[in-house]
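Undergrad: can't give you the sequence, but here's the structure:
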Ligand SMILES: [Mg+2]
């Protein structure tokens, strides 16, 4: 029987971080024309920055397509997903990206040779994960991790500045720092030996 695993895309498969900050922060500074300081460690632009939602929407309209198409995958993410797919896993990708980006996202996954069984665009991930029978989900968003755990879907949460606040003790949430950690948990969780 196939094992069923799920992955978020942005911040999990995509490589958002670099030396100084991350691609979203760089893009917004570039758009504004100055180095804005984050006022909180939130994942959400309107909470992270002291700018109006109107400016945020203009920024997103102008930049999302470029960011989504130019971002690189984390090399170990790509390798691991390929391995799992060849190991007969069902690979479900669930992203909060707008449905309108499905074509772009599919093209990007093909370009980077990331195989998948299903690609779902929906911010409300739990119902889709339950319907697909996902046994373990890899995420970086704290709210999503909390929702998965509440619905008894174990989560691997990749540590990010914006999910530090989430209390994970006693929940089925495995915190890891990077994809080495993700691989280790997948290996142990499914009791496979693919590392
Ligand atoms: Mg994410």
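TA: Happy to help now that I have it. These numbers come from a predicted model, not from an experiment.
Undergrad: Doesn't residue 91 belong to a helix?
TA: No. Counting by DSSP: H, G, I helix; E, B strand; the rest coil, residue 91 is not found in a helix; it is strand.
Undergrad: Looks like residue 5 contacts residue 90 (just checking).
TA: Yes. Counting by Cβ atoms under 8 Å, residue 90 is a contact partner of residue 5 at 7.1 Å. In short, each C-beta sits where N, CA and C put it, glycine included.
Undergrad: Now do the one residue in the chain that gets nearest to the ion, the pLDDT please.
TA: The minimum distance from the chain to the ion, using Cβ to the ion, falls at residue 11 (3.7 Å). pLDDT recorded at residue 11 is 95.
Undergrad: Just say helix, strand or coil for it.
TA: Under three-state DSSP, residue 11 comes out as coil.
Undergrad: that older thread, neighbour count winner among residue 5 and residue 90?
TA: Counted by other Cβ atoms under 10 Å, residue 5 and residue 90 do not tie: residue 5 has more neighbours, with 23 against 19.
Undergrad: what pLDDT, on average, does stretch 151-170 get?
TA: Average pLDDT, stretch 151-170: 94.
Undergrad: Next: stretch 90-107.
TA: Mean pLDDT, computed over stretch 90-107, is 98.
Undergrad: Endpoint to endpoint, that stretch covers what distance?
TA: 20 Å (Cα to Cα, to the nearest Å).
Undergrad: Which residues belonging to that stretch are considered buried?
TA: 90-95, 97, 101, 105 (16 or more other Cβ atoms under 10 Å).
Undergrad: For these, work out which two are farthest apart.
TA: Using Cβ to Cβ, the pair of the buried residues of stretch 90-107 lying farthest apart is 90 and 101, separated by 22.6 Å.
Undergrad: hmm, who's touching the longest helix belonging to the chain?
TA: As assigned by DSSP state H, the longest helix anywhere in the chain is helix 53-70. Residues outside helix 53-70 that contact it (Cβ atoms under 8 Å, 6 or more residues apart in numbering): 23-24, 27-28, 31-32, 45-46, 49, 97, 101, 104-105, 107-108.
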